[in-house]
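Undergrad: take a look and give me a structure for this.
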Amino acid sequence: MENIKRESEISFDYIRGLVDGEGTFTFSSNNKRQRTKIPAFSIKMHARDKELLVKVRNAMNLKNNIYEYNYQGKDGSKRGPQAMLIVREFGQLKNIVVPFFYKKLIGNKGKQFEEWIEKIGTDPDVPKSYKFIYRIYKLGFYDRNPKF
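TA: Here you go, the predicted model:
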C-alpha cells in the first residue's frame, strides 16, 4: 500500500524540474481593448499528461482548473490536444507561485522568473494591485519567510 501512495505523490523538486522544461512565467491580457497585463504562471503539456498536471496543481495546493483544448493553428499543422494549468489570481501568485519558485530555479527559467518579477514591478500596464508582489520581493519578504 505504501508503494502505491509514493507513486501518487509528486515532489516539489520534480515540479520545479517539470516547470523548467514545460512552464512559463508570462502575462495575459484580460481584454484586447485594454492594455492591462495580468501576471500569469502556466504549464502546458500534451493532454495525455493531464493527470500529471492535476498532481502538480494538488501538490502546490492551487485551486485552478486544468484546461484542455485542441488548437490547430492557422498554419495547417497537426497538433495534439493540450492540457494547461494557468494561475493568474493575485493571492495564489503571491502566496504560492512566487515563494514556490523563488531562488529555486536555475538557468534560463530562473532568469525568466526574475525578469517576470521585475516586469510586474516596472511595467505600467500591470495593475497596481499586482505590484505588491514586486514590492515585497524587493523588500526580502520571500527570503525571510520561506514556505517551500
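Undergrad: now the strands for the chain?
TA: Per DSSP state E, the chain carries strands over the ranges 23-28, 38-46, 66-69, 82-87.
Undergrad: how about residues contacting the first one?
TA: Meaning strand 23-28. Residues from elsewhere that reach strand 23-28, judged by C-beta atoms under 8 Å, 6 or more residues apart in numbering: 37-44, 86, 88, 101, 109, 112-113, 116, 119, 123, 126. To be clear about C-beta, it is placed using only N, CA and C from the backbone, and glycine gets the same treatment.
Undergrad: ok, which of the strands of the chain comes nearest Lys94?
TA: strand 38-46 (9.8 Å; C-beta to C-beta).
Undergrad: so that closest one versus strand 23-28, what angle?
TA: Per axes from the mean of the first three to the mean of the last three C-alpha atoms, to 10 degrees, the angle that strand 38-46 makes with strand 23-28 is 140 degrees.
Undergrad: check which helices and strands strand 38-46 is in contact with.
TA: When contacts are defined as 3 or more C-beta pairs under 8 Å, 6 or more residues apart in numbering; DSSP states H and E, strand 38-46 sits against helix 12-22, strand 23-28, helix 50-60, strand 82-87, helix 128-138.
Undergrad: can you add mean neighbour count, distance to Pro146 and mean pLDDT and give the ones you listed back as CSV?
TA: Converted to CSV, the helices and strands packed on strand 38-46 look like this (neighbours: other C-beta atoms under 10 Å; distance: least, C-beta to C-beta, whole Å; pLDDT from 0 to 100):
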stretch, mean neighbour count, distance to Pro146, mean pLDDT
helix 12-22, 16, 12, 95
strand 23-28, 18, 19, 96
helix 50-60, 17, 15, 96
strand 82-87, 19, 20, 95
helix 128-138, 15, 13, 96
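Undergrad: wait, which of these is closest to Asn95?
TA: Once the helices and strands packed on strand 38-46 are compared by C-beta to C-beta, helix 128-138 is nearest, at 9.7 Å.
Undergrad: tell me what angle the closest one forms with strand 23-28.
TA: Orientation of helix 128-138 against strand 23-28 (the same axes, to 10 degrees) gives an angle of 140 degrees.
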